[in-house]
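S.K.: compute the structure for the input listed below.
(chains A and B, ligands or ions: 3)
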Amino acid sequence: MTKDDVAEVIKTHGTERTNLLPVLQDVAATHRFLTEEDLVRVARAFKISAAEVYSVASFYSLLETQPRGRFVIRVCRTISCSMSGKGNILTKLKEILGIDLGETTPDKRFSLLETNCMGWCAEGPSMLINDTVYSHLTPEKVVEIIKEYRER
Amino acid sequence: MSQDAEKSTAKLSKVEKKLNLLKKRAHLIFRNIDCVKLFNRILKKTPDEILATITESGLRGRGGAGFPTGMKWKAALEAPGAVKYVICNADEGEPGTFKDRVILERQPDKIIVGMATCAYVTKATEGYIYMRGEYNFMSKEIKACCEKWNDLFEKKDFPFRVSLRLGSGAYICGEETALIESMSGNRGEPRLRPPFPVSEGFNDMPTVVNNVETLAYVTMIMDDGLDFFKSVAKDDSMGGKVFSVSGDAAIKGVFELPLGMTVQEFVDIFGDGDTKAVQVGGFSGLCVPRKHFATTIIGYRGVQTGGSMILYNSTRSMYLVLKNYLEFFQEESCGQCAPCRIGCQQLLLGIEAMRQGTRPLSHIDKLRELVNVMGVASKCKLGMSLANPFNSITEHFFEEICSKW
Ligand SMILES: Cc1cc2nc3c(=O)[nH]c(=O)nc-3n(C[C@H](O)[C@H](O)[C@H](O)COP(=O)(O)O)c2cc1C
Ligand code: SF4
Ligand code: FES
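M.R.: Ligands and ions are numbered 1, 2, ... in the order given. This is a model prediction of the structure:
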């Protein structure tokens, strides 16, 4: 985010400490992660140390502090999804994206991560791409979904 | 139709009949009502009358801990404080739980009326719905619902405003004091209790934290549901409960059913005919083996549950199940206190080592000792309740934990 964009987000929420999380969430929403500059800008506005902002941000798995692609894929690894075939989904994703868990494609389009139960256990295997949920996944369905994201 | 197919449809319809009967016995949360009319009726009663009704209903928290809702509200009412808060806990992170999501999607008005009822009783003026970040896809609808009610509250001069806050992917923030820390702009690390949120919560002021489902039940009790709610009782487990069913189940999804069933009754309906264990109450609950199905009651008198029911059939290795649990806890422990931070890691390493044969089977005694120490020395219930799944699985499925299967 540019300096002005961050300033804008901070302006809409205010700089009371209770607004720190909403500010970080909105700043992270554009690039899917928080840059060092973002953290420093937020820290200055809230008049707290950058280390403290980092300590808060790094606590939350959805607030990434390292570079991620435009589309962050999070595959549920918890038991119900795991039993309904999460393994095949992950294998398929690795194959078609050509990356391993935790990695980002060279074109910076996709990052592949695992996540814990996200509340779609009866419809597993499930995954999130940014904020969108995909459930009842099959390897074929995954191919279709990724194809569609490649065109965006 | 072949004979076999005929038989299986006959069996299915029998199960369905049973399920429908059960669903009818406890059908409140998903019943559609006119919430605005109801709210007007609520305001005609006195806060004392309402508190008495909620207390009489026997309603207990549906988030897992089962604390009597009437008592919680009374404590918040009596606690001194310049401002008071109501927080709806919509962080729903317990593995195998998704019922709050469905209630939020289908009955958001009931949640807000429940919060307003609590505010009316406790004199709280601000309300927050703290919803897990993974449910961001419904933020727009929930926000619009908040605005709609805020307008109505303003028109009626009812001094209460409600707004939405999002979590960002941390299971521990479902724990009420961690939730409050998170809302305060901090790391979501639980506080020592006491003091409880009812006396020192958000901004150190009296705060009621209630689960989504608890608040929806409040609304239905206010909608002349008191008698019905009490009539669903079996023993001291009053009212229905919304269950999330997943795993090796013939029927999966969200079902409102009466509390007080045995696990056997549950398995008869939801099982796939080969159920060997049921995890009642999510990963921090108990793993009930087949031989205890008939004698284990689901409810406050038996096994308490936030509603997560995960079924395992005989093709599942309980080693992999336990390993999956421990990996979850190791990741989700907030890391603030040593017994839980180190304990979660060591339990995982321990069962892996026993499995690989680098530790003798007697190592289990050490691991049990460790998990029991975590039960007394951890700061919050995450570390404390790990003994539930760990001991129940290793006790009943020890061969599976160590064998190469
Ligand atoms: C580790 C942990 C996670 C929890 N997660 C949730 C949750 O996701 N939703 C919830 O309502 N309660 C959760 N709780 C229970 C809350 O601390 C609290 O008891 C509950 O929100 C109170 O509401 P109730 O009385 O209406 O159940 C959790 C507790 C612990 C220890
Ligand atoms: S028990 Fe675990 S989750 Fe709870 S405060 Fe300690 S480290 Fe954090
Ligand atoms: S186990 Fe995957 S969403 Fe719950």
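S.K.: how about the residue in the stretch 51-200 of chain B positioned nearest to ligand 3, nearest residue that isn't a chain neighbour?
M.R.: Proximity of the stretch 51-200 of chain B to ligand 3 (C-beta to the nearest ligand atom) peaks at residue B:95, 5.6 Å away. Just so you know, the C-beta spots here come from the backbone N, C-alpha and C atoms, and that holds for glycine as well. Spatial nearest neighbour of residue B:95, chain neighbours left out: residue A:117 (4.1 Å); criterion: C-beta to C-beta, 6 or more residues apart in numbering or on different chains.
S.K.: the one you found and residue B:96 touch, don't they?
M.R.: Yes. Under the criterion of C-beta atoms under 8 Å, residue A:117 makes contact with residue B:96 at 6.9 Å.
S.K.: can you give me the end-to-end distance of stretch B:214-225?
M.R.: 14 Å (C-alpha to C-alpha, to the nearest Å).
S.K.: that one and ligand 1 in contact?
M.R.: Yes. On the criterion C-beta under 6 Å from any ligand atom, stretch B:214-225 is in touch with ligand 1 at residue B:214.
S.K.: assign the closest residue in space to residue B:185 that isn't next to it in sequence to helix, strand or coil.
M.R.: Leaving aside its chain neighbours, residue B:185 sits nearest to residue A:20 (3.4 Å; criterion: C-beta to C-beta, 6+ apart). Three-state call for residue A:20 (DSSP: H, G, I helix; E, B strand; the rest coil): helix.
S.K.: domains in the chain, by residue range?
M.R.: Reading this off chain A. A:3-59, A:71-150 (automatic domain parsing).
S.K.: that's the wrong chain, I meant chain B
M.R.: Taken from automatic domain parsing, chain B resolves into B:22-229, B:233-313, B:318-402.
S.K.: for the residue in chain A that ligand 1 sits nearest to, what are its contacts?
M.R.: Residue of chain A nearest ligand 1, by C-beta to the nearest ligand atom: residue A:119 (9.8 Å). Residues near residue A:119 by C-beta atoms under 8 Å, 6 or more residues apart in numbering or on different chains: B:92, B:97, B:98, B:100, B:101, B:132, B:134, B:135.
S.K.: skipping adjacent residues, who's closest to the residue of chain A positioned farthest from its centre in space?
M.R.: Distance from the centre of chain A peaks at residue A:47, with 26.9 Å (C-alpha atoms, centre = their mean). Leaving aside its sequence neighbours, residue A:47 sits nearest to residue A:15 (C-beta to C-beta, 6+ apart; 7.4 Å).
S.K.: next one: residue A:41
M.R.: residue A:6 (4.6 Å).
S.K.: tell me the residues of chain A that contact chain B?
M.R.: Counting by C-beta under 8 Å from any C-beta of the partner chain, the residues of chain A close to chain B are A:16-22, A:24-25, A:55-56, A:59-63, A:77-80, A:82-83, A:115-124, A:128, A:131-133.
S.K.: distance of residue B:122 relative to residue B:54?
M.R.: Going from residue B:122 to residue B:54 by C-beta to C-beta, to the nearest Å gives 11 Å.
S.K.: what touches both of those two?
M.R.: residue B:73.
S.K.: list the contacts for the residue nearest to residue B:95?
M.R.: Applying C-beta under 8 Å, 6+ apart, the residues near residue A:117 are A:76, A:78, A:79, A:80, A:81, B:93, B:94, B:95, B:96, B:97, B:328.
S.K.: out of those, which touch ligand 1?
M.R.: B:93, B:94.
S.K.: any chance of the contacts of residue A:117 in JSON lines, plus secondary structure, distance to ligand 2 and pLDDT?
M.R.: Formatted as JSON lines, the contacts of residue A:117 follow (DSSP: H, G, I helix; E, B strand; the rest coil; distance: C-beta to the nearest ligand atom, whole Å; pLDDT from 0 to 100):
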{"residue": "A:76", "secondary structure": "strand", "distance to ligand 2": "21", "pLDDT": "98"}
{"residue": "A:78", "secondary structure": "coil", "distance to ligand 2": "17", "pLDDT": "98"}
{"residue": "A:79", "secondary structure": "helix", "distance to ligand 2": "20", "pLDDT": "97"}
{"residue": "A:80", "secondary structure": "helix", "distance to ligand 2": "22", "pLDDT": "97"}
{"residue": "A:81", "secondary structure": "helix", "distance to ligand 2": "23", "pLDDT": "97"}
{"residue": "B:93", "secondary structure": "coil", "distance to ligand 2": "12", "pLDDT": "95"}
{"residue": "B:94", "secondary structure": "coil", "distance to ligand 2": "14", "pLDDT": "95"}
{"residue": "B:95", "secondary structure": "coil", "distance to ligand 2": "15", "pLDDT": "97"}
{"residue": "B:96", "secondary structure": "coil", "distance to ligand 2": "19", "pLDDT": "97"}
{"residue": "B:97", "secondary structure": "coil", "distance to ligand 2": "18", "pLDDT": "97"}
{"residue": "B:328", "secondary structure": "helix", "distance to ligand 2": "12", "pLDDT": "98"}
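S.K.: around chain A, which positions in the stretch 51-200 of chain B sit nearby?
M.R.: Close to chain A, as judged by C-beta under 8 Å from any C-beta, the stretch 51-200 of chain B has residues B:92-98, B:100-101, B:132-137, B:165-171, B:182-189.
S.K.: from the residues you listed, which ones fall inside strands?
M.R.: Those of those mapping onto strands are B:165, B:166, per DSSP state E.
S.K.: weed out the non-buried ones from the residues of the stretch 51-200 of chain B next to chain A.
M.R.: In these, burial by neighbour count holds for B:92-98, B:100-101, B:132-136, B:165-171, B:182-189, counting by 16 or more other C-beta atoms under 10 Å in any protein chain shown.
S.K.: touching chain A at all, stretch B:376-395?
M.R.: No. Stretch B:376-395 lies apart from chain A when judged by C-beta under 8 Å from any C-beta; the minimum separation is 10.8 Å.
S.K.: out of the domains of chain B, name the one with the poorest average pLDDT.
M.R.: For the domains of chain B, mean pLDDT drops lowest on domain B:233-313, to a mean of 93.
S.K.: so which residues of the stretch 301-405 of chain B form helices?
M.R.: Assigned by DSSP state H, counting those that start in this stretch, the stretch 301-405 of chain B shows helices spanning B:318-332, B:338-356, B:363-377, B:381-384, B:387-396, B:398-402.
S.K.: quick one: the longest one near ligand 2?
M.R.: Yes. Between helix B:338-356 and ligand 2, judged by C-beta under 6 Å from any ligand atom, the touching residues are B:340, B:341.
S.K.: can that helix be found next to chain A?
M.R.: No. Using C-beta under 8 Å from any C-beta, helix B:338-356 stays clear of chain A, coming no nearer than 13.3 Å.
S.K.: how about that helix as PDB, C-alpha atoms only?
M.R.: Provided in PDB are the C-alpha atoms of helix B:338-356 (Å, rounded to 0.1, in the frame of the first residue of the first chain):
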ATOM      1  CA  ALA B 338       5.300 -22.900  29.200                       C
ATOM      2  CA  PRO B 339       3.200 -25.900  30.200                       C
ATOM      3  CA  CYS B 340       1.000 -25.500  27.200                       C
ATOM      4  CA  ARG B 341       3.600 -24.200  24.700                       C
ATOM      5  CA  ILE B 342       6.200 -26.900  25.400                       C
ATOM      6  CA  GLY B 343       3.600 -29.500  26.400                       C
ATOM      7  CA  CYS B 344       1.800 -29.500  23.100                       C
ATOM      8  CA  GLN B 345       5.100 -30.000  21.200                       C
ATOM      9  CA  GLN B 346       6.300 -32.700  23.500                       C
ATOM     10  CA  LEU B 347       3.000 -34.700  23.300                       C
ATOM     11  CA  LEU B 348       3.300 -34.700  19.500                       C
ATOM     12  CA  LEU B 349       6.900 -35.600  19.500                       C
ATOM     13  CA  GLY B 350       6.200 -38.300  22.100                       C
ATOM     14  CA  ILE B 351       3.500 -40.200  20.200                       C
ATOM     15  CA  GLU B 352       5.600 -40.000  17.000                       C
ATOM     16  CA  ALA B 353       8.600 -41.400  18.900                       C
ATOM     17  CA  MET B 354       6.500 -44.300  20.300                       C
ATOM     18  CA  ARG B 355       5.200 -45.000  16.900                       C
ATOM     19  CA  GLN B 356       8.600 -45.100  15.400                       C
END
